[in-house]
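S.K.: Structure, please.
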Amino acid sequence: MTIHATALVDPTAKIGADVDIGAYSIIGADVEIGDRTSIGPHVVIQGVTRIGCDNRIFPFASLGAEPQDKKFHGERSELVIGERNVIREFATFNRGTAAGGGVTRIGDDNWIMAYVHIAHDCAIGNHCVFANNATLAGHVQIGDHAILGGFSGIHQFCKIGAHAFAGMGSLINGDVPPFVVVAGPYAKPRGINSEGLKRRGFDAQRIAAIKRAYRTVYVAGVPLAEASAHLAEQAKDSTDVAALLDFIQRSERSLLR
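M.R.: Numbers count the residues shown, from 1 in each chain. As a prediction, the model looks like this:
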């Protein structure tokens, strides 16, 4: 373990093996940092924050500060970060709130670029990429392998499905199902994330089934209830379509459509 002489580490913080903490970084009480995590200079980690192993945290990141929520009155809440994440400069992750379950959670193997903001009570999956200045309001849920373009903004309580892709500057105020590409100042569906699926090993048959499901929901021009009935038939032959249908059925906000 290497802690720079200018770093301030609270004696109650739990620091794992082979952790590096850079100059002028501040590690507060109730913070836990897993083995082999690297923390650059001028990083602030505070509150009840648990960070797993093998993360890389770059300068000026702020992790575990109080949520930006006027209903927050100092109750105990947490930020939980998994393993092998890359968190770049000036990223800000806030703790949860009592009304939202009390936890902001980030999974494993995510690539989170500079100036990304993850607000209170968000839940982020694994293998996501958030480009510079992507901003998540409170209670947002992001599925595995989702990609958010630079300067995208996600409205509170929205859900983004696995393998979805949001273009640069997208403003998202509805739920985005798995596999779907959205883009535009007020984001609209633009197709499916075919290239991303190919890179992740989806074969032609799986991608064709997802395209067929997309056309059912977005191109056929039928009400969502009717589209869902068609998806239920298609889902008998495709677990991917079944996942898309399940997302639609569990959606609490309107879909981007």
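S.K.: can we go C-alpha only for contacts and neighbour counts from here?
M.R.: Noted.
S.K.: in this structure, which spans are helices?
M.R.: 194-199, 204-218, 224-234, 239-250 (DSSP state H).
S.K.: Report the central residue of this structure.
M.R.: In the chain, the centroid-proximal residue (Cα atoms, centre = their mean) is residue 124; its distance is 3.2 Å.
S.K.: I'd like to know the beta-bridge partner residues of that residue.
M.R.: Counting by DSSP bridges, residue 124 forms beta bridges with residue 106, residue 142.
S.K.: can you check residue 117 too?
M.R.: Note on residue 117: beta-bridge partners residue 92, residue 135, judged by DSSP bridges.
S.K.: residues contacting it?
M.R.: With contacts defined as Cα atoms under 8 Å, 6 or more residues apart in numbering, residue 117 is in contact with 91-93, 133-136.
S.K.: Adding neighbour count and distance to residue 5 as columns, could you present the residues you listed in CSV?
M.R.: Below are the contacts of residue 117 laid out as CSV (neighbours: other Cα atoms under 10 Å; distance: Cα to Cα, whole Å):
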residue, neighbour count, distance to residue 5
91, 25, 24
92, 21, 25
93, 27, 26
133, 22, 32
134, 26, 34
135, 23, 34
136, 24, 35
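S.K.: Could you list the low-confidence segments of the stretch 1-150 of the chain?
M.R.: Scanning the stretch 1-150 of the chain for pLDDT under 70 picks out no residues.
S.K.: I'd say residue 85 and residue 58 touch.
M.R.: No - when contacts are counted by Cα atoms under 8 Å, residue 85 is not listed as touching residue 58 (11.0 Å).
S.K.: Pop out the phi and psi values for residue 91.
M.R.: Phi and psi for residue 91, reported as degrees, to the nearest 10, are phi -70, psi 140.
S.K.: What distance do you get for it to residue 67?
M.R.: Note on residue 91: its distance to residue 67, by Cα to Cα, to the nearest Å, is 14 Å.
S.K.: Residue 22 too?
M.R.: Going from residue 22 to residue 67 by Cα to Cα gives 25 Å.
S.K.: List the residues that contact residue 156.
M.R.: Contacts of residue 156 (Cα under 8 Å, 6+ apart): 136-140, 173.
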